[in-house]
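*Asks:* Sequence and predicted structure, then a few things I'm wondering about:
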Amino acid sequence: MAAPRIAIVGGGLAGLMAAIKVAEAGVAVDLFSIVPVKRSHSVCAQGGINGAVNVKGENDSPEIHFVDTCKGGDFLANQPPVKGMCYAAPGIIYLFDRMGVTFNRTAEGLLDFRRFGGTLHHRTAFAGATTGQQLLYALDEQVRRHEAAGLVTKYEGWEFVGTVKDDAGRCVGLTAIDLRTMKTKAFPADAVMLGTGGPGLLFGKSTNSLINSGSAAAAAYMDGADYANGEFIQIHPTAIPGADKLRLMSESARGEGGRVWVPRKKGDARPPRQIPEAEREYFLEEKYPKYRNLVPRDVASREIHNVCVNRGLGIGADGMGVYLDLTHIPRETLKRKLEGILEIYEKFTGEDPCDEPMRIFPAVHYSMGGLWVDYEPTKDGFIDLGSPKNHMTNIPGLYAIGECEYQYHGANRLGANSLLSCVYAGQVAGPAAVVHALGQAKTGAGTPASVFEAAEKRWTGRFAELAKRNGPENPYKIHEELGIAMLSNVTIVRENGKLQETDAKILELMERWKNATVLDDGQWANAPLSFMNQLENMLHLSRVVTLGALARNESRGAHFKPDFPDRDDANWQKTTVASFTPNGPSFRYDPVDVSLCTPVARKYD
Amino acid sequence: MPRQKIELRIRRQDSPTGSSRWEEFSIPWQPSMNVISCLMEIRKNPVTKQGQKTTPVHWESSCLEEVCGACTMLVNGKPRQSCTALVDNMPDGPITLEPLTKFPVVRDLQVDRKPMFEALKIVKAWVPIDGTYDLGPGPKMSAADAELNYAFSRCMTCGCCMEVCPQYNSHSDFIGPAPLAQVRLFNAHPTGRMNAHERLDAIMGRGGIVDCGNAQNCVEACPKEIPLTEAFGDLGRQTTVHWLQSLFGK
Ligand SMILES: Cc1cc2nc3c(=O)[nH]c(=O)nc-3n(C[C@H](O)[C@H](O)[C@H](O)COP(=O)(O)OP(=O)(O)OC[C@H]3O[C@@H](n4cnc5c(N)ncnc54)[C@H](O)[C@@H]3O)c2cc1C
Ligand code: SF4
Ligand code: SF4
Ligand code: FES
């Protein structure tokens, strides 16, 4: 049997962690990424990574972390994987510490922790306000070490476009396009793993990087992989509005004491610092005296929306904004703990947040939903780490990890739990894929060459056909319209009529996509050509999100319908699972394993 | 006074071997625009200022908040991240965009910075841990040391420092400021220090630290204000000590 190879698509935290685990097992890795992996979206993560290391004398524990996460997710996540993750978290933070991550330290030289939303404990390790960048660099360095030793081969500047399956329906490789030569090539693999990140681009502007189109996950879905809980999209309460992107102002700003407020008087045009305390409404603190400014994100976003849209108290010319105030905290403390994000605010607005309260508004941030993946529980409620099932999609041999899968966050993700879930997924899925690869009678490379030739031919033909498109529509304009529709109707407040309208709009855009031109007839580094392909995938995935939201007549976590304001466990404590059909998604609803942490009403006051 | 229209002059090149040409664009002003949102506007209607149909401009970007390093280019002649290049902060007149000159052009404004990533292999820019299994906490470190190391670990391989360094060019072997600074970072880590000699060996010969002419351009160009020249002073001392030690057989 030829030596096994595992293909990993994506070099964010999840993909790199998996690559290291596979390489450590002595198995070769082919690592694909659109951008050099060091530039992956994970660098944007600011605030930190959770783990109940309990260094502040608060009696924190992995069990409390687990309960906070289940409750934060409004009891929609299967609980064994969540439990596995929370118990592994302290070890994960220590691992990064050993890799040299420059975490902030206490006076004694120990790791420092801060508070984040949805918990009462200091549980978030951080490196200034660029934690994601620092964690990603640590993994990037370790992967480079394995690359130098010959176990990892990088394909940077390559875009995954589809899976390759054998006659039995097993995933035996992938097809990718070289974004310079624009040539497609099929790669055999004994397991394929997607760590391709979130789909922020479906909403046009979001806090995500520009490469987060969700198109890779959508391609897998269109190849037959199920997509779960797509309707659960997290709206972050605090972002800086911008022309190209809505830049995040991390929850760590509130974790370090930042306060959210609006003037009590409608249309009060005084500069914020001239408004006396008594004339300010600290609306989160007033309504949630226990968690105050650190309620979970869905709660805070709805409150900001309510204050601006329903009560008309928002600030700025359009009334779409609230103050996030750090000015009561000493400049020196702010610099030490939040420098990275304060720099971003100052660079983009020209105002110094140490002197002036920031003006912020909610923005699309994260997808709790993603490719459906499996797990193998043990009797005591953990995960059987020897099983090849962990993180496998319903396509044998195809795995998904990181933000592109659905497993850990239920209906709403707690801050600083995503970096954790990415790394944990990589740690679990790497070995699972190795077990799968070694257990196959016939390897990827042993599959008849005709299977790969056919895949290559299909995709070469597809791009040749797209390149010839010469209609009147501009794909970037179609994308802009998609973003506007999704942003207006499928975010904080969802109404069935509007959701139906949105689906009709997506169908219209799908028709117009057929009449779009590729804008560029070049054979070299033709970005619009690859975008045309991505756009079709994005339109299909947008339907999954929209129709999933339409069907779910309840309110849970990030999904809020004024017409159905309560959580409805009897009918909807279920995982939404979408399967692709040529006529659109078909939905089924799976039970959720809530055997380890009994659902309770989700209250933060 | 915000401008009504934004004029751009962009140096374009279809392929690595092609010749370059200038194209001009004029697009309507909108609030809070940066260079990237201008390029996005152009691709929604790729027509030059003269009314000629053209192809969308090709560029590289990802994070749009100056942490990934991807979007570095020459903006009005200076290397910087184009995502933080705000239109309202620019002087009147057209905005000029060109690719970095020290790296091969891929297309238009995208260059290939592979040599920078390869250099990180040469200097072994990593902490050689035993494995990723759970082995307990890492070494203790003072808050002050962690803070200094943090400054170096923010390097996003953007290439601004390489662009302005007079010693880094196609006819020299000099490895350049960014990878050198990473030697400083890893040699300061309690575990990384155990392999300090390997990194010093890598930067002692030709193309190493002695090739730095101490022109200080790099430190001024670094968007993350990484104390590059301080690091080079420190590395100069480290290499001297290492050289003496090897001379006397340790
Ligand atoms: C501004 C911001 C701040 C955040 N802060 C925090 C925080 O403080 N704490 C926290 O826990 N979480 C945070 N998050 C969330 C977290 O950053 C992400 O969920 C996480 O980084 C996702 O990592 P990933 O490995 O799944 O994918 P990414 O880091 O998104 O990487 C995706 C990879 O896939 C590749 N890729 C994608 N498509 C293809 C394709 N078709 N072919 C080839 N390669 C492809 C990309 O090149 C990239 O390498 C934040 C998110 C944002 C937007
Ligand atoms: S100090 Fe000067 S010569 Fe040395 S690396 Fe910096 S720019 Fe180059
Ligand atoms: S040292 Fe500074 S200028 Fe040089 S690559 Fe790193 S971040 Fe860019
Ligand atoms: S796009 Fe990442 S630095 Fe500009």
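*Replies:* Perfect, thanks for sending it. Numbers count the residues shown, from 1 in each chain, chains lettered A, B, ... in the order given. Ligands and ions are numbered 1, 2, ... in the order given.

*Asks:* what does the stretch 501-605 of chain A have sitting close to chain B?
*Replies:* If contacts are counted using Cβ under 8 Å from any Cβ of the partner chain, the residues of the stretch 501-605 of chain A sitting beside chain B are A:519-522, A:524-525, A:527-528. Every C-beta, even on glycine, is put in place using the N, C-alpha and C of the backbone.

*Asks:* now with 6 Å?
*Replies:* For the stretch 501-605 of chain A, the contact set with chain B under Cβ under 6 Å from any Cβ of the partner chain comprises A:519-520, A:524-525, A:527-528.

*Asks:* need the longest helix for chain B.
*Replies:* When secondary structure is assigned using DSSP state H, the longest helix within chain B turns out to be helix B:228-247.

*Asks:* Now B:Leu67: closest residue in space that isn't a chain neighbour?
*Replies:* Actually, residue B:67 is Val rather than Leu. Distances taken as Cβ to Cβ, 6 or more residues apart in numbering or on different chains put A:Val43 closest to B:Val67, at 4.8 Å, once the chain neighbours are dropped.

*Asks:* still on that earlier bit, biggest separation within the residues of the stretch 501-605 of chain A next to chain B, which pair?
*Replies:* A:Leu519 and A:Trp524 (14.5 Å; Cβ to Cβ).

*Asks:* more crowded one of these two?
*Replies:* Between A:Leu519 and A:Trp524, counted using other Cβ atoms under 10 Å in any protein chain shown, A:Leu519 has the larger neighbour count: 25 against 17.

*Asks:* residues from chain B in reach of ligand 3?
*Replies:* Applying Cβ under 6 Å from any ligand atom, one finds that chain B approaches ligand 3 through B:155-161, B:177-178, B:181, B:221-222, B:224, B:226, B:228.

*Asks:* now with 5 Å?
*Replies:* Applying Cβ under 5 Å from any ligand atom, one finds that chain B approaches ligand 3 through B:155-156, B:158, B:160-161, B:178, B:222, B:224, B:226.

*Asks:* What ranges does chain B have for its strands?
*Replies:* Remark: strands assigned in chain B by DSSP state E are B:5-13, B:20-28, B:72-75, B:78-81, B:95-98, B:105-107, B:110-111.

*Asks:* where in chain B is pLDDT low?
*Replies:* Applying pLDDT under 70 to chain B flags residues B:1-2, B:250.

*Asks:* Quick one: residues contacting A:Ile20.
*Replies:* The neighbourhood of A:Ile20, defined by Cβ atoms under 6 Å, 6 or more residues apart in numbering or on different chains, consists of A:142, B:132.

*Asks:* distance of it from ligand 3?
*Replies:* 24 Å (Cβ to the nearest ligand atom, to the nearest Å).

*Asks:* for A:Thr349, same thing?
*Replies:* Taken as Cβ to the nearest ligand atom, the spacing of A:Thr349 relative to ligand 3 amounts to 23 Å.

*Asks:* measure that residue to A:Pro241 for me?
*Replies:* Using Cβ to Cβ, to the nearest Å, A:Thr349 is found at 9 Å from A:Pro241.

*Asks:* Kindly report the same for A:Pro448.
*Replies:* Taking Cβ to Cβ as the measure, A:Pro448 and A:Pro241 are separated by 54 Å.

*Asks:* Neighbour count for these two, which is higher?
*Replies:* Using other Cβ under 10 Å, the more surrounded residue of A:Pro448 and A:Pro241 is A:Pro241, with 20 against 12.

*Asks:* which residue sits closest to the more buried one, ignoring its sequence neighbours?
*Replies:* For A:Pro241, the nearest residue in space outside its immediate sequence neighbours is A:Phe361; the separation is 5.8 Å by Cβ to Cβ, 6+ apart.

*Asks:* how does chain B divide into domains?
*Replies:* Per automatic domain parsing, the domain ranges recorded for chain B read B:5-111, B:114-248.

*Asks:* how about the residues of chain B near ligand 2?
*Replies:* Chain B has residues B:165, B:167, B:177, B:212-215, B:217-218 near ligand 2, with proximity defined as Cβ under 5 Å from any ligand atom.
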